[in-house]
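[1] here is my input, please return the structure:
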Amino acid sequence: MDNRSIQRLIMAAGYYHGDIDGDLGPESMSGINKLLTHRASELQAGHTRWGAARRAVAAAQLVLKHAGFDQVGIIDGLSGPSTQYALTRWNNFMETGDPDDKWRDGEGDDQDSLLAEVWPRQTQSELTRFFGEAGGAQCTAGKVHVPFPLKIAWNKRQRITRFSCHEKVADTAEQCFGRIASAYSRADITRLGFDLFGGCYNFRKKRGGSTLSTHAWGIAIDNDPERNQLKWGRDRALLATAECAEYWRIWEDAGWLSLGKARNYDWMHVQAARL
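    Coordinates of the predicted model:
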């Protein structure tokens with residue numbers, strides 16, 4: 001989240017009256033601190049030790065939440081995918097009066113036409129039939145152990161060596177990470193963003209869509225969302241470059257689908273596709 005967006009949000013809430021210049025100076029920080037003080041009960045424990053940048057994001061998250069964009073998630077001062085999605089919806093609302101960007105609704109409510117040609121059982125009803133109800137205990141029962149540390153994309157100081165997913169896809173996901181570790185050097189894994197974890201299980205709708213995301217079943221993984229943003233195509237997404245061809249072969253051999261390769265958007269995203 002950039003500083004100008006933070007200033008616009010705290011201005012909309014009445015806590016800032018200066019210029020939208022991207023400089024979080026004394027006037028901006030005064031408004032941020034007042035807002036956090038007024039809403040301290042909604043913040044995580046230890047918030048008083050947060051630095052200025054994290055406090056600024058937390059203030060923006062609070063404004064988004066109280067404006068009705070509760071997709072922002074936990075008020076933690078970390079600008080992850082949920083916060084960015086809430087900000088996008090707020091921006092859409094401010095520009096058009098409609099928070100929802102309809103750019104991908106053409107795929108249909110229950111069936112993506114292109115995916116249906118290759119994986120014809122990717123409807124939501126078939127996903128439920130095979131994987132169970134979205135959000136169920138099975139969606140996080142699987143544990144993927146990774147042979148190299150993963151950095152949380154929105155908090156790179158935090159590292160993990162395993163994550164939760166659907167119990168039916170954990171084995172193949174773990175095998176893929178093992179093959180990636182064998183196919184690429186650690187330096188290349190870092191340079192290409194394979195170690196920037198953007199999340200797996202998340203009970204939510206598709207961003208800009210009307211149906212549940214495959215993340216709601218824990219059968220999708222995002223990597224390096226900052227350099228492979230949702231609407232970016234081959235001309236911009238890092239994971240679309242030739243160096244990543246083997247990365248995608250590894251996932252495809254294990255029965256996982258790249259939305260980037262299939263649709264030329266959402267290159268961060270890989271999902272279990274063969275049921």
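[2] going forward, measure contacts and count neighbours with C-alpha atoms only.
    Noted.
[3] in a helix, Leu150, correct?
    No: counting by DSSP: H, G, I helix; E, B strand; the rest coil, Leu150 is not part of a helix but strand.
[4] restricting to C-alpha, output stretch 217-235 in PDB.
    Only the C-alpha atoms of stretch 217-235 are listed here, as PDB (Å, rounded to 0.1, in the frame of the first residue of the first chain):
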ATOM      1  CA  TRP A 217     -10.700 -25.300  -0.600                       C
ATOM      2  CA  GLY A 218      -7.000 -24.900   0.100                       C
ATOM      3  CA  ILE A 219      -6.000 -26.200  -3.400                       C
ATOM      4  CA  ALA A 220      -4.300 -23.100  -4.700                       C
ATOM      5  CA  ILE A 221      -1.000 -21.500  -3.900                       C
ATOM      6  CA  ASP A 222       0.200 -17.900  -4.600                       C
ATOM      7  CA  ASN A 223       3.800 -17.000  -5.100                       C
ATOM      8  CA  ASP A 224       5.400 -13.500  -5.300                       C
ATOM      9  CA  PRO A 225       2.100 -11.500  -5.700                       C
ATOM     10  CA  GLU A 226       3.900  -8.200  -5.900                       C
ATOM     11  CA  ARG A 227       5.800  -9.100  -9.100                       C
ATOM     12  CA  ASN A 228       2.900 -11.200 -10.600                       C
ATOM     13  CA  GLN A 229      -0.100  -9.000  -9.900                       C
ATOM     14  CA  LEU A 230      -3.600 -10.300 -10.700                       C
ATOM     15  CA  LYS A 231      -4.200  -8.500 -14.000                       C
ATOM     16  CA  TRP A 232      -0.600  -8.600 -15.300                       C
ATOM     17  CA  GLY A 233       0.000 -10.600 -18.500                       C
ATOM     18  CA  ARG A 234       3.100 -12.100 -20.000                       C
ATOM     19  CA  ASP A 235       4.600  -8.700 -20.700                       C
END
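[5] and Trp154, how many residues sit next to it?
    Per other Cα atoms under 10 Å, the neighbour tally for Trp154 reads 17.
[6] err, His47, not the other one
    16.
[7] quick one: contacts for it?
    Contacts for His47 (Cα atoms under 8 Å, 6 or more residues apart in numbering) come out as Arg55.
[8] and the pLDDT for it?
    According to the prediction, His47 has pLDDT 91.
[9] relative to Ser5, how far out is it?
    Going from His47 to Ser5 by Cα to Cα, to the nearest Å gives 21 Å.
[10] one more: Phe203?
    Taking Cα to Cα, one finds Phe203 at 26 Å from Ser5.
[11] before we move on, what about Glu226?
    For Glu226, the distance to Ser5 - Cα to Cα - is 17 Å.
[12] before we move on, what about Asp253?
    41 Å.
[13] and these two? Which one has more around it.
    Ser5 (17 against 11).
[14] next structured bit after the least confident helix or strand in the chain by mean pLDDT?
    Least confident helix or strand of the chain, by mean pLDDT, DSSP states H and E, is helix 113-118 with a mean of 42. Moving toward the C-terminus from helix 113-118, the first helix or strand encountered (DSSP states H and E) is helix 124-131.
[15] what ranges do the strands span in this structure?
    Using DSSP state E, the strands found in the chain span residues 142-152, 155-165, 196-199, 220-223, 256-258, 269-272.
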